[in-house]
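Engineer: What follows is a protein structure lacking sequence information:
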């Protein structure tokens, strides 16, 4: 049975910059463990902590890049929406391409000729 208890998260946790900072910390920790491993101090602790920190860095880098790309897509969609709204308010012919929610492309089609 799934738990319905969810802890609230502050807004900064979901910000891409937070993911970048956590990624950098994971890289720092990985270097701290993989450095001695490369120098010849072979210990199981250095192996699992070093590669675990690298895996964590990868996950947070992926989260940050995904969130940044989602933000960029939203900005582009907003710019497109603003441009089409400005175009629509001019009252002129809409040459911006086919828009399925608009009846305008079908206005000149007479099906009962």
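Structural biologist: Now that the structure is in, tell me what you want to look at. Since this is a predicted model, take the numbers as computed values, not measurements. Numbers count the residues shown, from 1 in each chain.
Engineer: Let me know the secondary structure of residue 6.
Structural biologist: Under the three-state scheme (DSSP: H, G, I helix; E, B strand; the rest coil), residue 6 adopts coil.
Engineer: And the pLDDT for residue 104?
Structural biologist: Residue-level confidence at residue 104 comes out at 48, pLDDT.
Engineer: List the residue ranges of the protein that fall below the pLDDT cut-off.
Structural biologist: 1, 71-72, 74-76, 78, 81-113 (pLDDT under 70).
Engineer: Swap in 50 and give it another go.
Structural biologist: 91-92, 94, 98, 100-111, 113 (pLDDT under 50).
Engineer: right, and residue 26 touches residue 60 too?
Structural biologist: Yes - the pair residue 26 and residue 60 passes the contact test of C-beta atoms under 8 Å, sitting 6.3 Å apart. The way it works is simple: take the backbone N, C-alpha and C, and place the C-beta from them, glycine included.
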